[in-house]
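**Q** How does the following fold in three dimensions:
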Amino acid sequence: MLLLNLSIHYASCEFVQRFSVAENEPAGTVLGRLSTNTSTDWTFATINQARFVFFYPPESDVERALAVDDKTGEISTRKPLDREHRSSYVFLAIPVEGSEGIRILVDVIDKNDNPPKFAQPAYVELDVSEYAKIGSELPLPAAVDADLPPYDVQKYQIVSGNVNNAFRLSTRKINNILYVNLKVNMPLDREQRERYILKVSASDGGQPPLSDVLTVNVTIVDVNDNAPQFDKPRYDFHVNDAHAITFGSPIAAVHAKDLDAGVNGEIEYSLAPSAVNDHRLFSINPKTGLISWASTEQMQARHYELLVIARDGGQQPMEANCLVMISTSSSSVGKVWMRTVFLSSDGSASVLENTTLGTLIFRVSVSNAQKANLRCVMSIETDDRNDIFQIQTGDDIHYVTLQKELDREQKQSINVTLRAQKCSPGNFSIKEKIEITILDVNDNSPQFTRPVYEVEVSEKALPGTSVFQVQAHDADSGENGRVHYSLIYDDTSDQHTSKWFKIDSHTGLITTSDLVDCEVSYNPKLTVLAEDYGQPKLNNTAVVSVTILDVNDNPPLFDKQLYNISIREDAKLGYCFTQH
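**A** Take a look at the predicted model:
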């Protein structure tokens, strides 16, 4: 019967006492004492004389978590409490000597003892089309924090790998969970960069905040946005002895490239039908671009014109074409050939772009099996008819000199047609096409896209964080156009800059090599040197102005611990006696 009455009291009890204790406090932490009276005039003596009987809900864990003195009513902890395990405790206290039953509520106050956590493994792979519009969003896994606000997840940020700020983050809160999306911030180009490895941190609202890091591997997916490109729009080939050509003989070869990846960049060659039906006499290897004689008939001494098509393998194929001109020669006086001797260092058909006007470039003669050199009227012309070369004719040897200045950066090669007419004996004509390569000299220095770059980096950036990628272009070719990057310093440079930053000598990517400190230097300026590999080397410089974004990592400091101040006894109210 006694238990029944007590359960009725518990149900009808209106006197509630509430206590609180922070989680993780040590065992023995006192929460307070119970009052035996609902009025406010009870005394400590009254409490001290009280006797209590306690009733705990089944499986409530109260007795293992809390200790209650049945004489004094003092409540204390038996062990450190964990709010994430149990956030509150409820039990009933009945004073032995009359008075109402007391319903005791103990709230466990949250502390920031749990960091945000991404699902393991904290790694995600994303594919993003290079045609993705700016503002396109891709969901990322949300981090979870077992603590209550404000100690739950408060923000996400990209801490490294975001080259040229290609991406940014957007967040939204639903049912107390902060979700995050990766957002396209800049136009993407797989041909420029096909992969980004981003580090995304989730931070809670503690001081200092706790955090976790998610690795996001972003692959830029290729779309068929590049058509094939031939090395040149027109190819000229000459067959010296048409009678020697038989079925399957290789005649010429063309080459095209496509910047796209996979099937989008795979090229297939074909011959387009032409009005003169020359395409029926030739075949082309669809994979290599090798053109061969495909007729069982004898090749004639005349000109052939072919149109070659290069088509890629995209779902919506893109194509390009080039013109192939094939000339042949034959003679009734026997096999005839035109012989050219170039005066370049290696004997190749080439000329340096800084060659002095009037310099002898090559000599030419016409020969057959009966006579070493034939007498001919010789002429020369270039594909753009600009009279770059001049020919000095002789009886049987002719000399070609440079007539106009060359610039390899404007034109990399010159197609020359040599015509020999009224050759004797036999009064025949012959022509030959030669491609003369213009050789580069180191006459261009690297050029940055701008003289000054302004970038930002957080004071919290870890060593290895990407800051910015500079780019310099050198119009020269080969070693003359290959660029080496470095950071240079002088006596006026910030002494901290040399240890805070480093640059990749090949790519121009600037990263942090140490922790940066806004309070030491908030705006270091880096001088980047771009130098080519020519002889002599040419260079140029640009300035990268780095703004270090401050974080709250320094407490206020007094300039001394003790201030001695004298005040007159008649000082008026509001009198200022010190200032700091």
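**Q** list the contacts for Arg375?
**A** 395-396, 423-424 (C-beta atoms under 8 Å, 6 or more residues apart in numbering). C-beta: built from backbone N, CA, C; applies to glycine.
**Q** sorry, that was for Tyr485
**A** Tyr485 neighbours (C-beta under 8 Å, 6+ apart): 470, 472, 503-508, 528-530.
**Q** List only buried entries from these.
**A** 470, 472, 503, 508, 528-530 (16 or more other C-beta atoms under 10 Å).
**Q** all helices for the stretch 1-150 of the chain, in order.
**A** Along the stretch 1-150 of the chain, counting by DSSP state H, counting those that start in this stretch, helices occupy 2-12, 44-49, 62-65.
**Q** weakest of these by average pLDDT?
**A** Ranked by mean pLDDT, the helices of the stretch 1-150 of the chain bottom out at helix 2-12, which scores a mean of 39.
**Q** What score does Ile548 have for pLDDT?
**A** Value for Ile548, per-residue pLDDT: 92.
**Q** any idea which helix or strand carries the closest residue to it other than its chain neighbours?
**A** Spatial nearest neighbour of Ile548, chain neighbours left out: Cys518 (4.4 Å); criterion: C-beta to C-beta, 6 or more residues apart in numbering. Counting by DSSP states H and E, there is no helix or strand that carries Cys518.
**Q** separation between Cys518 and Ser458?
**A** Noted for Cys518: a distance of 9 Å to Ser458, by C-beta to C-beta, to the nearest Å.
**Q** Enumerate every residue touching the spatially closest residue to Asn444 that is not a sequence neighbour.
**A** Distances taken as C-beta to C-beta, 6+ apart place Ala475 nearest to Asn444, at 4.3 Å, with adjacent residues excluded. Listed by C-beta under 8 Å, 6+ apart, the contact set of Ala475 reads 409, 444, 447, 481.
**Q** from memory the last one sits against Asp532, does it?
**A** If I follow you right, that is Gly481. Yes: with contact defined as C-beta atoms under 8 Å, Gly481 counts as touching Asp532 (6.5 Å).
**Q** Would you mind telling me which of these two has more residues around it?
**A** Between Gly481 and Asp532, Asp532 has the larger neighbour count (other C-beta atoms under 10 Å), namely 24 against 18.
**Q** which SSE is Trp337 in?
**A** strand 336-342.
**Q** List the contacts of Arg78.
**A** 27, 64-67.
**Q** most neighbours, which of these?
**A** Going by other C-beta under 10 Å, Leu66 tops the contacts of Arg78 with 22 neighbours.
**Q** looking at the sheet around it, what are its partners?
**A** Thr77 (DSSP bridges).
**Q** One more: Arg168?
**A** Under the criterion used here (DSSP bridges), Arg168 is bridged to Lys183.
**Q** residue ranges with poor pLDDT in the stretch 201-350 of the chain?
**A** 243, 274-277, 298, 301, 330-335 (pLDDT under 70).
**Q** Strands along that one, start to end?
**A** 211-221, 229-230, 234-239, 250-253, 256-257, 267-272, 282-284, 290-293, 303-312, 319-328, 336-342, 350-352 (DSSP state E, counting those that start in this stretch).
**Q** how about a markdown table for these, with distance to Phe54 and mean neighbour count added?
**A** Output for those, formatted as a markdown table (distance: least, C-beta to C-beta, whole Å; neighbours: other C-beta atoms under 10 Å):
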| stretch | distance to Phe54 | mean neighbour count |
| --- | --- | --- |
| strand 211-221 | 42 | 19 |
| strand 229-230 | 88 | 18 |
| strand 234-239 | 101 | 18 |
| strand 250-253 | 98 | 18 |
| strand 256-257 | 86 | 16 |
| strand 267-272 | 86 | 17 |
| strand 282-284 | 98 | 20 |
| strand 290-293 | 98 | 20 |
| strand 303-312 | 83 | 19 |
| strand 319-328 | 89 | 18 |
| strand 336-342 | 110 | 17 |
| strand 350-352 | 103 | 19 |
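**Q** Which one of the ones you listed lies nearest to Ile434?
**A** strand 336-342 (6.4 Å; C-beta to C-beta).
**Q** before we move on, back to that, okay, and which of the contacts of Ala475 map to helices?
**A** Taking DSSP state H, the ones among the contacts of Ala475 that sit in helices are Gly481.
**Q** Which single one of the contacts of Ala475 is nearest to Tyr156?
**A** Gln447 (38.3 Å).
**Q** give me the number of residues near that closest one?
**A** The burial count for Gln447: 15, using other C-beta under 10 Å.
**Q** Tell me if I'm right that it and Gln471 touch.
**A** No: in this structure Gln447 lies outside contact range of Gln471 using C-beta under 8 Å: 9.7 Å.
**Q** domain assignment for the protein?
**A** Annotated domains of the chain cover 2-109, 123-221, 234-247+272-328, 336-439, 447-549 [automatic domain parsing].
**Q** could I get these as a markdown table with distance to Pro115?
**A** Below are the domains of the chain laid out as a markdown table (distance: least, C-beta to C-beta, whole Å):
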| stretch | distance to Pro115 |
| --- | --- |
| domain 2-109 | 12 |
| domain 123-221 | 4 |
| domain 234-247+272-328 | 46 |
| domain 336-439 | 57 |
| domain 447-549 | 16 |
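**Q** Neighbours of Ile488, how many?
**A** Neighbours around Ile488, by other C-beta under 10 Å: 12.
**Q** How much space separates it from Thr511?
**A** 17 Å.
**Q** Thr29 too?
**A** 48 Å.
**Q** go on, Leu126?
**A** 23 Å.
**Q** any chance you could map the helices in the stretch 301-450 of the chain?
**A** Under DSSP H, counting those that start in this stretch, the stretch 301-450 of the chain gives no helices.
**Q** Is it possible to mark the buried ones in the contacts of Arg375?
**A** Of the contacts of Arg375, these count as buried by 16+ other C-beta under 10 Å: Cys423.
**Q** and which of the contacts of Arg375 is nearest Ala143?
**A** Checking those one by one against Ala143 (C-beta to C-beta), the nearest turns out to be Cys423, at 85.3 Å.
**Q** The strand holding Trp337 vs strand 234-239, what angle?
**A** 120 degrees (axes from the mean of the first three to the mean of the last three C-alpha atoms, to 10 degrees).
**Q** ok, strand 336-342: who's next to it in the sheet?
**A** Strand 336-342 is paired, per DSSP bridges, with strand 360-368 (antiparallel).
**Q** export the partner strand as CSV, just CAs?
**A** Extracted C-alpha coordinates of strand 360-368, given in CSV (Å, rounded to 0.1, in the frame of the first residue of the first chain):
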residue,chain,number,x,y,z
LEU,A,360,73.6,32.9,-99.3
ILE,A,361,71.0,30.4,-98.2
PHE,A,362,71.4,27.5,-100.7
ARG,A,363,72.4,26.7,-104.2
VAL,A,364,70.5,24.7,-106.8
SER,A,365,71.3,22.8,-110.0
VAL,A,366,69.5,20.4,-112.4
SER,A,367,71.1,17.1,-113.3
ASN,A,368,70.5,13.9,-115.3
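**Q** what's the closest non-adjacent residue to Pro26?
**A** For Pro26, the closest residue by C-beta to C-beta, 6+ apart turns out to be Pro80, at 6.2 Å.
**Q** Contacts only, for that neighbour.
**A** 23-27.
**Q** Any of these buried? List them.
**A** 23, 25.
**Q** Could you work out the most separated pair of the contacts of Pro80?
**A** The most distant members of these, if one measures by C-beta to C-beta, are Glu23 and Ala27, lying 12.8 Å apart.
**Q** quick one: the residue most central in space within the chain from Val221, how far?
**A** In the chain, the centroid-proximal residue (C-alpha atoms, centre = their mean) is Val163; its distance is 4.0 Å. Note on Val163: its distance to Val221, by C-beta to C-beta, is 18 Å.
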